[in-house]
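Asks: pasting the sequence and the predicted coordinates here, then a few questions.
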Amino acid sequence: MAPVAPVPTNRELPSKESAIFKSILKFYEHKQYRKGLKNAEQILKKFPEHGETLVMKGLFLSHVDRKEEAHEFIKKGLKNDLRSHICWHVYGLLHRGDKNYDEAIKCYINALKFDKENVQIIRDLSLLQIQMRNYEGFVDSRYQLFKLRAAQRMNWVSLAIAYHLLGKLDTAEKILTSFEETLKDGNTFDFEQSEMMLYRNMIIEETGDFQRALDDLEANEKKILDKLTYREINARLLVKLGRISDAEQVYRGLLKLNPDCTAYLKEITEEVLPKWLELHAELASQYPRSAVIARVPLAHISGDDFKSKVDVVLRSNLRKGVPSLFVSLKDIYRASPEKAQIIEDLVLSYLESMEERNSFPLQFPTTVMWVLYFLAQHFDLKRNPTRALEYINRAIEHTPTLVELYMMKARIYKHAGDLDEAVTTINFGRELDLQDRFINSKCTKYMLRAGQVERAEQTITLFTKAESPDPLGDLVDMQCIWFAYESASAYNRAKRYGRALKHLHQIDRHFSDIYDDQFDFHSYSPRKGTLRSYVELVRLEDRLRDQPFYTRAALSAAKLYVKLWELKEAGPSEAEKKAQEDAQNLSSSELKKAQRKARKAELQAAEKSNTPSGTPDKNAQTIQPAQKKGVQAAPVDEDPEGNKLTDPSVDYLNEARKFLKPVNDMSPLNFEAWILSALVNVKRSKFILAIRALLRAKALSPQPDAQVLRAELSFYKAYKAAIANSSVSPAVVEVIESTLPEIYPSSLLSGSTDVPGHIREFWKQSVAAGRDSPRAAVIVAKELKLIEDEAAAKKILDAEEKKWVLQPAGGWDTLKSTVELQVGSSTFVYELSNFSSCLLGGS
């Protein structure tokens with residue numbers, strides 16, 4: 001065993017320097033880093049090897065953006081005094097600042113070896129443990145603090161939270177009950193005590209003992225200050241106990257406070273459905289101005305009853321000019337085509353009455369415009385662009401200054417596939433109200449989807465800080481995720497893959513920052529008493545990457561990395577080879593001239609695509625570095641095109657795996673993520689992981705699916721090739737062979753059916769079951785084309801063309817995603833939904 005290092009003789013400072021060192025610690029607490037640095041240097045002039053002063057100097061340097069020097073001084077100080085808890089604590093603080101939490105925890109544990117009862121170190125350790133979700137360690141640290149400072153409320157509730165998150169609910173409840181017993185009885189109660197009782201009730205409810213939770217809640221009614229929360233919990237517990245009539249009375253009381261709360265009405269609707277109509281009539285007479293109460297029963301009635309009630313809702317909202325009327329009824333459209341037809345007939349009859357007989361009761365001058373606006377939305381949802389455009393044009397002719405009408409018209413053009421016209425329309429509406437941030441953002445999104453990236457960037461920066469040196473950088477600071485995602489999609493379509501990946505990685509960093517931002521709440525919430533909200537925050541952060549924005553960005557990044565891998569495997573195209581040969585034959589001066597010419601043409605094309613009219617957008621802000629004196633210059637991006645991310649040395653498939661893993665873990669029901677995981681692992685020759693992902697995808701799609709078929713064929717061909725090359729271990733083969741019957745039909749495994757036959761049988765079953773679609777047809781046809789069965793591929797596509805009236809822009813042989821749809825005398829260009837996700841970029 002190595003001897004323990006002795007305490008250095010030079011640790012103790014003379015009284016003068018010792019006083020200066022204590023002032024250094026106070027300077028750090030008060031965030032006066034430069035004063036602290038000056039005092040540390042004063043000590044080091046006399047004692048240059050004093051370890052604790054060296055680490056404090058390093059800590060101050062880390063807070064004035066001198067990270068490299070900070071690491072050097074702290075390591076040197078720690079080396080000079082390995083038995084100092086201050087040195088280890090400061091080293092942990094440095095790692096914590098770098099968000100290297102695992103190393104910080106190790107440093108704090110070492111610090112506690114030399115000062116086991118240091119409250120500050122134990123507290124800092126506990127914060128890191130809950131941040132890393134080390135619940136066992138968190139319980140131990142909070143218990144130590146509880147023993148050292150048992151008189152503090154925060155230590156009691158923090159220990160209860162630790163046991164609660166660990167899953168030991170009974171222990172957490174006992175701790176809170178014991179603390180409540182130590183409080184003095186009285187008639188005054190504070191917010192922290194009230195919240196603590198609600199938190200304890202939450203723990204009891206989570207044990208499943210709803211009767212005891214209800215008894216506890218009612219016993220502490222006078223002590224609970226948040227009466228609204230009390231009543232909501234009371235009603236919820238009554239419902240769980242099956243006491244529906246009692247719950248109804250509580251919800252009625254809550255409706256008096258807020259008759260437009262959908263959650264209250266939903267509880268009554270679900271639990272008292274047999275007498276809902278009677279109850280609704282009573283509530284409607286009680287709260288005649290509640291739009292929610294008038295709308296909720298529409299989902300539960302049909303026929304003439306539905307027609308009479310929806311007629312009242314439509315008339316009232318159309319007279320008032322409520323723009324969100326159609327959106328509030330959209331769920332009815334999805335649930336019942338019959339009800340949608342009733343709504344269409346009613347609104348058309350309103351229009352006829354107003355135009356021919358002028359008999360719509362209490363008609364206002366704008367009522368006809370709102371009716372036309374509603375009909376445009378209605379026919380747009382039914383994907384009838386001709387009629388939708390007819391009604392929206394009439395509405396604009398009636399009121400040409402209403403921004404919402406231009407937004408609706410642009411949406412119709414977008415759904416019809418004419419993105420350029422959509423941009424022109426919504427930009428005209430934006431210029432009607434330059435103070436409207438919402439339409440400015442919508443216009444930006446339309447521009448990005450039309451490929452007008454630079455124009456979109458100029459438009460979105462109208463609402464960033466005017467004095468900012470980097471307007472687009474402000475969007476990053478504000479974590480504007482939708483803009484980053486739409487920009488990535490636009491760059492991806494333009495085949496500027498590096499820039500697309502930069503934006504997708506930016507979204508990933510946003511979610512990492514959001515996760516890290518919870519750190520401050522680990523100490524703030526228990527101190528302020530917001531215990532229930534804190535537990536909800538911790539649970540929210542645990543499923544943070546289940547959010548739709550992250551899922552979309554992660555899947556897009558994974559597809560893009562797979563696309564880069566496929567391009568790398570395919571090698572340069574014939575055109576690229578020829579260009580390389582031509583470049584080799586040019587002299588250096590000719591090569592530079594050709595490069596300048598190509599760059600100029602590229603810039604002209606970009607400018608033309610960003611401003612179709614050839615003139616710059618009026619009111620658009622030019623993105624330039626700040627020129628004002630005293631304004632900090634914008635940070636320089638050393639890799640604006642993202643070339644480092646697309647460098648051939650990057651392991652594309654491993655990067656795709658990194659993006660897919662959180663989605664598979666947090667969103668296990670995401671079908672597309674499992675399909676992508678299967679394809680990525682097939683290409684990585686990780687057959688066990690691939691077959692696991694394939695089984696999960698099949699479980700989520702009980703009916704045969706074209707994407708599953710593509711993943712199955714990819715696995716089957718790669719696995720058989722690996723077997724032929726003897727590159728799979730016998731243990732892996734044994735596992736896979738036992739699983740194959742769960743995925744493939746016995747005819748294919750036995751050899752009685754070949755791969756083309758299997759594909760044709762799949763398509764035959766899909767057509768018979770009505771599961772064929774243009775998207776599925778293209779996937780199946782591509783698989784047939786890959787095995788050189790072009791006749792079968794063309795037969796499938798021709799059949800789909802007749803069924804769906806579709807014709808690709810370049811002919812079926814190109815298998816492109818763009819198709820033309822004939823509607824009456826008009827032709828609209830559509831893109832097959834998620835086509836790139838089916839083929840992962842291949843065409």
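Replies: Received the coordinates, thanks.

Asks: low-confidence ranges in this structure?
Replies: 1-11, 185-189, 269-276, 357-363, 573-588, 590-592, 594-595, 598-635, 770-774, 785-843 (pLDDT under 70).

Asks: tell me how far the residue nearest the centre of it lies from Gly451.
Replies: Among the residues of the chain, the one closest to the centroid is Phe549, at 2.5 Å (Cα atoms, centre = their mean). Plainly put, Phe549 is 22 Å away from Gly451 if you go by Cβ to Cβ, to the nearest Å. Heads up, the C-betas are built off the backbone N, CA and C, glycines and all.

Asks: could you do Leu314 as well?
Replies: Going from Leu314 to Gly451 by Cβ to Cβ gives 39 Å.

Asks: mind checking the SS state of Asp516?
Replies: Classification of Asp516 by DSSP: H, G, I helix; E, B strand; the rest coil places it in helix.

Asks: does it touch Lys99 like I think?
Replies: Yes. In this structure, Asp516 is within contact of Lys99 by Cβ atoms under 8 Å, at 6.2 Å.

Asks: give me the distance between the two termini of stretch 184-198.
Replies: Stretch 184-198 has an end-to-end distance of 19 Å (Cα to Cα, to the nearest Å).

Asks: which parts of whichever strand or helix holds Leu555 are buried?
Replies: Element membership for Leu555 (DSSP states H and E) is helix 548-570. Across helix 548-570, burial judged by 16 or more other Cβ atoms under 10 Å covers 550-565, 567.

Asks: in stretch 666-682, which residues are buried?
Replies: For stretch 666-682, using 16+ other Cβ under 10 Å, the buried residues are 666-667, 670-682.

Asks: cool, stretch 253-261 as well?
Replies: For stretch 253-261, the neighbour count (16+ other Cβ under 10 Å) marks 254-255, 259, 261 as buried.

Asks: got it, and stretch 391-411?
Replies: Of the residues in stretch 391-411, 391-392, 394-396, 398-399, 402-403, 405-411 count as buried by neighbour count, 16+ other Cβ under 10 Å.

Asks: where helices are concerned, which of the residues you listed count?
Replies: Assigned to helices by DSSP state H, the following of the buried residues of stretch 391-411 qualify: 391-392, 394-396, 398, 403, 405-411.

Asks: and these, which is closest to Thr753?
Replies: Thr753 lies nearest to Arg411 out of these, by Cβ to Cβ, at 47.1 Å.

Asks: gap between that closest one and Gln131?
Replies: 43 Å.

Asks: same check, this time on Asn110
Replies: From Asn110 to Gln131 the distance is 19 Å (Cβ to Cβ).

Asks: now Asp331
Replies: Asp331 is 40 Å from Gln131, by Cβ to Cβ.

Asks: what about the two, which has more around it?
Replies: A count of neighbours by other Cβ atoms under 10 Å puts Gln131 above the other of Asp331 and Gln131, at 21 against 12.

Asks: got the contact list for that one?
Replies: Shown in contact with Gln131 (Cβ atoms under 8 Å, 6 or more residues apart in numbering): 101, 518-519, 522.

Asks: likewise for Val139?
Replies: 159, 162-163, 166.
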